[in-house]
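Engineer: could you work out the structure for the sequence below:
(one chain, ligands or ions: 1)
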Amino acid sequence: MANQDFLNEINKRRTFAIISHPDAGKTTITEKVLLFGKALQKAGTVKGRGSNQHAKSDWMEMEKERGISVTTSVMQFPYNGALVNLLDTPGHEDFSEDTYRTLTAVDSCLMVIDAAKGVEDRTRKLMEVTRLRDTPIVTFMNKLDRDIRDPMELLDEVETELNMACSPISWPIGCGKGFKGVFHIHRNEAILYQSGKGHTIQDGQTIKGLDNPELDSAVGEELAEQLREELELVIGASHEFDRELFLSGELTPVFFGTALGNFGVDHMLDGLTEWAPAPMPRETSERDVIATEDNFSGFVFKIQANMDPKHRDRIAFMRIVSGKYSQGMKMNHVRTGKTMSISDAVTFMAGDRERAADAYAGDIIGLHNHGKIQIGDTFTQGESLKFSGIPNFAPELFRRIRLKDPLKQKQLLKGLVQLSEEGAVQVFRPLMNNDLIVGAVGVLQFDVVVARLKAEYKVEAIYEAINVATARWVDSTDVKKFEEFKRKAESNLALDGGDNLTYIAPTMVNLNLAKERYPDVAFRQTREH
Ligand code: GDP
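Structural biologist: Okay, here's the model as predicted:
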């Protein structure tokens, strides 16, 4: 029987990540969230950086100098009785495959939208990924201190473009220079905004009740009237919050505020910690695993090379699915059948790596990895399980990779296969020729691969352009038709790093034609590890 402390530890955990389009304010909101989590004394110190252009070139420098891959770090902090795990995702879209997989390791997501712009490309793409698991989404409409689009229109856009009902929890009172605060619909009170206090936790002045005349004097009669009219409309036209629909990913609670002004972020965090799910069950090949099971289990969703430049180590990031990790415990590495004694896993408190004392379902721990651990690997306390739902994503960019010194072909292949097992890149070997095609979701992955091939495998490789638009993993339940397809489409077929058959399409038109021509073949955009 699990004891009450153990259950409390697990039930208070909230593990989430932020999805947004670049520049919508993910970094800024992370800073403020950490400020509320008391993880930072003063906001603005997560990472010093100027424009995005700078950030990009800094990363490039690091990639080149150290062959390090851009981090997905994990930050843990207490808030309102909950223990929050915020999984940061690479800010740069060129590392999107890491981002995609990080989204498979969380129980909920915060979607940050620039309210002046609305739903943007990358948000759309990341939402598609969260759909694979129907992850619950909390929405924050950011930058209310600027002139924004009509809030009703913003909700409408989320509903139609992302196919998710919106339930506004707060509603803005003005915007831009005239931004006065929000009306918190659930609390039935206005919370007033003070500008210039973005670095502190504010004691926002509140006014109870929509009809309170104090509201008129605080924000001006005109805005107060407008708010009343809008709210009447909004409450009539939008959805009431429904936790079941939220948990199934069909409805999102929406908050308004400004991350820069540190306003509204706490309302969002209150909602997230109250409504977002505690660690969820996960599917395996055998059965569903429940977070509060006594026995430990977890899966690896990311491997990161050389986090600490002084040590050339790799860290395997594991999401704990059930039970508890304690230092020195023995784990069964299911794929290899080996027992590993884990004495030095790392946990992530507020961005610093610390030695883990204990960690529970919902938490992320880092295992030192000397090449034995792969993305998708399951660890248990003995049971033979395999967690599903940690996919490879079809790459969107392709290059042919070639050696400067042709004698080292074997090392090149070994390096590429290992890097693909790690998830750093994907490799495809066409059936009809000796090309090696490297596929990535983001362009910076290519640079990392060449740097790591040189540093870790002592091979110098260069890229050449290749005419490939996309790749799809193929399979079929009809053996005969599949054989015919393999014969006829052989010039488009390749094996990936794990020897899975892949269709390599020179153009999207070609892919669509192939799909029409071979209706019995499944062309898959993701592949399970
Ligand atoms: P990210 O690319 O999503 O991480 O976005 P950042 O957090 O780096 O923000 C991009 C830019 O928008 C930065 O210049 C921020 O200072 C600015 N920004 C973020 N939040 C707000 C906000 O609420 N209001 C205003 N005016 N600017 C903001």
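
Engineer: got the phi/psi numbers for residue 127?
Structural biologist: The phi/psi pair for residue 127 (degrees, to the nearest 10) reads phi -60, psi -40.

Engineer: who are the contact partners of it?
Structural biologist: When the contact criterion is CB atoms under 8 Å, 6 or more residues apart in numbering, the partners of residue 127 are 19, 111, 137, 162. For every residue, glycine as well, the C-beta is placed using N, CA and C.

Engineer: is residue 269 located within a helix, as I assumed?
Structural biologist: Yes. Counting by DSSP: H, G, I helix; E, B strand; the rest coil, one finds residue 269 located in a helix.

Engineer: report the longest helix in the protein, please.
Structural biologist: Residue-count comparison of every helix in the chain, with assignments taken from DSSP state H, identifies helix 221-237 as the longest.

Engineer: how about that one: buried residues?
Structural biologist: Neighbour counts over helix 221-237 (16 or more other CB atoms under 10 Å) mark 223, 224, 227, 230, 234 as buried.

Engineer: turn those into TSV, including pLDDT and distance to the ligand.
Structural biologist: TSV is the format used below for the buried residues of helix 221-237 (pLDDT from 0 to 100; distance: CB to the nearest ligand atom, whole Å):
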residue	pLDDT	distance to the ligand
223	96	19
224	97	23
227	97	20
230	96	21
234	93	22
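
Engineer: any chance of those in TSV, plus distance to residue 158?
Structural biologist: Conversion of the buried residues of helix 221-237 to TSV gives the following (distance: CB to CB, whole Å):
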residue	distance to residue 158
223	24
224	27
227	21
230	17
234	14
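
Engineer: hang on, the earlier thing: following the chain onward from the longest helix of the chain, which element is next?
Structural biologist: Using DSSP states H and E, the helix or strand that directly follows helix 221-237 along the chain is helix 243-247.

Engineer: which of the contacts of residue 127 has the most neighbours?
Structural biologist: Sorting the contacts of residue 127 by how many neighbours each has (other CB atoms under 10 Å) puts residue 19 first, at 27 neighbours.

Engineer: quick check: that one touching residue 108?
Structural biologist: No. Under the criterion of CB atoms under 8 Å, residue 19 makes no contact with residue 108, lying 10.7 Å away.

Engineer: next step: the contacts of residue 127 restricted to strands.
Structural biologist: Using DSSP state E, 19, 111, 137 are the members of the contacts of residue 127 that sit in strands.

Engineer: now for the longest helix of the chain, which elements pack on it?
Structural biologist: Here helix 221-237 touches helix 151-162, strand 170-173, helix 213-219, going by 3 or more CB pairs under 8 Å, 6 or more residues apart in numbering; DSSP states H and E.

Engineer: looking at these, which is nearest to residue 426?
Structural biologist: Distance to residue 426, taken as CB to CB, is lowest for helix 151-162 among the helices and strands packed on helix 221-237, at 27.6 Å.

Engineer: can you dump the C-alpha atoms of that closest one in PDB for me?
Structural biologist: What follows is the C-alpha trace of helix 151-162 in PDB, where atoms were taken according to Å, rounded to 0.1, in the frame of the first residue of the first chain:
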ATOM      1  CA  PRO A 151      -9.700  39.900 -28.000                       C
ATOM      2  CA  MET A 152     -12.900  38.300 -29.300                       C
ATOM      3  CA  GLU A 153     -11.300  37.900 -32.600                       C
ATOM      4  CA  LEU A 154      -8.200  36.300 -30.900                       C
ATOM      5  CA  LEU A 155     -10.400  33.700 -29.200                       C
ATOM      6  CA  ASP A 156     -12.200  33.100 -32.400                       C
ATOM      7  CA  GLU A 157      -8.900  32.400 -34.200                       C
ATOM      8  CA  VAL A 158      -7.800  29.900 -31.500                       C
ATOM      9  CA  GLU A 159     -11.100  28.200 -31.800                       C
ATOM     10  CA  THR A 160     -11.200  27.900 -35.600                       C
ATOM     11  CA  GLU A 161      -7.500  27.500 -36.300                       C
ATOM     12  CA  LEU A 162      -6.500  25.200 -33.400                       C
END
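
Engineer: can you list the residues of the stretch 1-150 of the chain near the ligand?
Structural biologist: The interface of the stretch 1-150 of the chain toward the ligand, taken as CB under 6 Å from any ligand atom, is made up of 20, 22-28, 91, 142-143, 145-146.

Engineer: residues near residue 517, how many?
Structural biologist: Residues near residue 517, counting by other CB under 10 Å, number 11.

Engineer: pLDDT wise, what is it at?
Structural biologist: Taken from the predicted model, the pLDDT recorded for residue 517 is 96.

Engineer: also residue 125?
Structural biologist: At residue 125, the model reports a pLDDT of 88.

Engineer: sec struct for it, please.
Structural biologist: Here residue 125 takes the helix state, with states given by three-state DSSP.

Engineer: from the ones in strands among the contacts of residue 127, which shows the smallest pLDDT?
Structural biologist: Of all of those, residue 19 carries the lowest confidence score, 93.

Engineer: residue contacts, that residue?
Structural biologist: Each residue near residue 19 by CB under 8 Å, 6+ apart is listed here: 89, 103, 109, 110, 111, 112, 123, 126, 127, 130.

Engineer: shouldn't residue 393 be in contact with residue 473?
Structural biologist: No. Using CB under 8 Å, residue 393 and residue 473 do not qualify as a contacting pair, with a distance of 10.5 Å.

Engineer: re the thing from before, just give me the closest of the ones in strands among the contacts of residue 127 to the ligand.
Structural biologist: Distance to the ligand across the ones in strands among the contacts of residue 127 (CB to the nearest ligand atom) is lowest for residue 19, with 10.0 Å.

Engineer: name the nearest residue to the closest one, sequence neighbours excluded.
Structural biologist: Computed as CB to CB, 6 or more residues apart in numbering, the closest residue to residue 19 that is not its neighbour in sequence is residue 126, at 4.1 Å.

Engineer: what's the closest non-adjacent residue to the most centrally placed residue in the chain?
Structural biologist: Among the residues of the chain, residue 103 comes closest to the average C-alpha position under CA atoms, centre = their mean, at 3.5 Å. By the measure of CB to CB, 6+ apart, the closest residue to residue 103 outside its immediate chain neighbours is residue 129, 5.1 Å from it.

Engineer: how about the secondary structure of that neighbour?
Structural biologist: Here residue 129 is helix, with the state taken from three-state DSSP.

Engineer: that one: what's it in contact with?
Structural biologist: With contacts taken as CB under 8 Å, 6+ apart, residue 129 has the following neighbours: 100, 103, 104, 393.

Engineer: correct me, but the third one touches residue 393?
Structural biologist: Same thing as residue 104. No. Counting by CB under 8 Å, no contact exists between residue 104 and residue 393, whose distance comes to 10.4 Å.

Engineer: and those two? Which one has more around it.
Structural biologist: Per other CB under 10 Å, whichever of residue 104 and residue 393 has more neighbours is residue 104, with 23 against 19.

Engineer: I'd like the distance between that one and the ligand.
Structural biologist: Between residue 104 and the ligand the distance, using CB to the nearest ligand atom, to the nearest Å, works out to 21 Å.

Engineer: cool, and residue 123?
Structural biologist: Counting by CB to the nearest ligand atom, the gap from residue 123 to the ligand is 10 Å.

Engineer: wait, that residue sits on residue 21?
Structural biologist: Yes. Under the criterion of CB under 8 Å, residue 123 lies in contact with residue 21, with a separation of 5.0 Å.
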